[in-house]
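K.L.:
All I have is the shape, not the residue letters:
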């Protein structure tokens, strides 16, 4: 933008971004970069910046996912897929990778599609964003919790919004971008409801399943490369790596299941029955057909020593025990009753679920600002001009694997572009 004609008496337009996370930072640094006449401030209620970026992926930051076409990308979002289909045309995985690479942050793709910095450290992603903020003179204020957003008359020259903080102070701004993240209770969005926005009740979206007292928890730390998990009485079913923990079941298969079933599981108070297929290449019928061949092939071997499915040894012995089978018995001598029980446990072992546990420190919710009240082309509120949204405060959430960060980058960038362009065309207050 040509700034040669900016008079000495003219005042910069101001943007306040509420939230120092991924979406907020991405909006702030891009808005400041795209419009040098925009005065950008980030206000963060805690004393930490980019906290989810820091802990994601075990401290490596799962920046995005190697899904470069929009059609399959939107299918990874249990809520918001139609909304994102429009947004991703402006900024998607391809743009995200390019943006970071242009700033010297090379990303790599792992076998499961997750993308990380080649440094394997979230700190380099944080440093990249902080350097951008410094380069474009983004002001960052910590421990500033917004309690209310008040609309003030534009003619005052003091901005269209006044932000009231819990600490008692206030600030004014021409534009406000809300990237305050998710919240466990709808009441925590009351300051946005006061502006007329509808809040879709929030519930946890990424969590593990608890099975108090179940004997399988003795196998904590055991994982299988691929299992299929189905919730009884629902259409919810997922396949992927599964991890046994000291409280129950975790791993990508469970986290995907929890994302797609977030509302249904909440309605059930996280009490249900799941069925696990430890050998998803088979169902009970096809495994029964294969069983005679397995008996013949391994006839003289002890069943405890010969596991033909590639399952972890501890899990195999556990399944034998659950089926009432002595691990020293030969395959050829396996009684029919125990054989049938083992086939059933391999392909459809039931577990009673009672409760959930937040997945590490990566708390994700579904719910938030109703999407019909946001323009997907700009992230601007359809109800309040010059108010924008980004990230998890919106009723958008993805499955695990970098998809929630991709939405954060996308919504942050689109809001930044829209605000920067609008500020250029808007009259400047004297």
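P.N.:
Yes, it's here. Model, not experiment: these values are computed from the prediction. Residues are numbered from 1 along each chain as shown.
K.L.:
Identify the residues contacting residue 377.
P.N.:
By Cβ atoms under 8 Å, 6 or more residues apart in numbering, the residues touching residue 377 are 86, 87, 90, 414, 418. Where C-beta positions appear, they are placed from N, C-alpha and C, glycine not excepted.
K.L.:
Now a PyMOL select for only the buried ones of these.
P.N.:
Listed next is the PyMOL selection for buried residues among these, using 16 or more other Cβ atoms under 10 Å:
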select buried, resi 87+414+418
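K.L.:
Give the full set of residues in contact with residue 315.
P.N.:
Residue 315 sits next to 219, 222, 224, 244, 278 when contact means Cβ under 8 Å, 6+ apart.
K.L.:
Look up how far residue 254 lies from it.
P.N.:
Residue 315 sits 16 Å away from residue 254, going by Cβ to Cβ, to the nearest Å.
K.L.:
repeat for residue 399
P.N.:
In this view, residue 399 and residue 254 are 11 Å apart by Cβ to Cβ.
K.L.:
who has more neighbours, these two?
P.N.:
residue 254 (28 against 24; other Cβ atoms under 10 Å).
K.L.:
where does the more buried one land in three-state SS?
P.N.:
State at residue 254, reduced to three classes by DSSP: H, G, I helix; E, B strand; the rest coil: helix.
K.L.:
was I right about it contacting residue 242?
P.N.:
Yes. Counting by Cβ atoms under 8 Å, residue 254 does reach residue 242; the two are 6.7 Å apart.
K.L.:
tell me, what's touching the two both at once?
P.N.:
With Cβ under 8 Å, 6+ apart, residue 254 and residue 242 have common neighbours residue 229.
K.L.:
packing partners for the element among helices and strands of the chain having the smallest mean pLDDT?
P.N.:
When each helix and strand of the chain is scored by mean pLDDT, DSSP states H and E, strand 356-358 comes last, with a mean of 87. If you count contacts as 3 or more Cβ pairs under 8 Å, 6 or more residues apart in numbering; DSSP states H and E, strand 356-358 packs onto strand 207-210.
K.L.:
name the helices or strands packed onto the strand it packs on?
P.N.:
On a contact count with 3+ Cβ pairs under 8 Å, 6+ apart, strand 207-210 meets strand 248-250, helix 252-260, strand 349-354, strand 356-358.
K.L.:
Show the subsequent helix or strand relative to it.
P.N.:
Using DSSP states H and E, the helix or strand that follows strand 207-210 in sequence is strand 223-231.
K.L.:
what mean pLDDT does that next one have?
P.N.:
Strand 223-231 shows a mean pLDDT of 98.
K.L.:
quick one: that strand to chain centroid distance?
P.N.:
What separates the centre of strand 223-231 from the centre of its chain is 20 Å, taken as Cα atoms, centre = their mean, to the nearest Å.
K.L.:
Show the contacting residues for residue 191.
P.N.:
146, 147, 148, 149.
K.L.:
can I assume residue 212 is in contact with residue 354?
P.N.:
Yes. Between residue 212 and residue 354 a contact is recorded at 5.8 Å, counting by Cβ under 8 Å.
K.L.:
who has more neighbours, these two?
P.N.:
residue 354 (16 against 11).
K.L.:
now the more buried one, which residues is it bridged with?
P.N.:
Residue 354 has these beta-bridge partners by DSSP bridges: residue 271.
K.L.:
What of residue 242?
P.N.:
Judged by DSSP bridges, the bridge partners of residue 242 are residue 224.
K.L.:
Could you measure from it over to residue 320?
P.N.:
Counting by Cβ to Cβ - residue 242 and residue 320 are separated by 19 Å.
K.L.:
Neighbours of residue 207, how many?
P.N.:
Neighbour count for residue 207, taken as other Cβ under 10 Å: 24.
K.L.:
I misspoke; the intended subject was residue 145.
P.N.:
Residues near residue 145, counting by other Cβ under 10 Å: 15.
K.L.:
tell me the contacts of the residue nearest to it when sequence neighbours are not counted?
P.N.:
Closest residue in space to residue 145, ignoring its immediate chain neighbours: residue 45 at 3.7 Å, by Cβ to Cβ, 6 or more residues apart in numbering. Listed by Cβ under 8 Å, 6+ apart, the contact set of residue 45 reads 143, 144, 145, 146, 166, 180.
K.L.:
For residue 338, state which of those is nearest.
P.N.:
Checking the contacts of residue 45 against residue 338 with Cβ to Cβ, the nearest one is residue 180 at 56.4 Å.
K.L.:
Secondary structure of the closest one: a helix, I assume?
P.N.:
No. With three-state DSSP as the criterion, residue 180 is located in coil rather than a helix.
K.L.:
what residues are up against the residue nearest to it when sequence neighbours are not counted?
P.N.:
Using Cβ to Cβ, 6+ apart and skipping the chain neighbours, the partner closest in space to residue 180 is residue 19 (4.3 Å). Residue 19 makes contact with 42, 43, 44, 178, 179, 180, 181, 391, 393, according to Cβ under 8 Å, 6+ apart.
K.L.:
what's across from the first one in the sheet?
P.N.:
The reference is to residue 42. Residue 42 has these beta-bridge partners by DSSP bridges: residue 17, residue 140.
K.L.:
Could you report the neighbour count for it?
P.N.:
For residue 42, the count of nearby residues is 26 (other Cβ under 10 Å).
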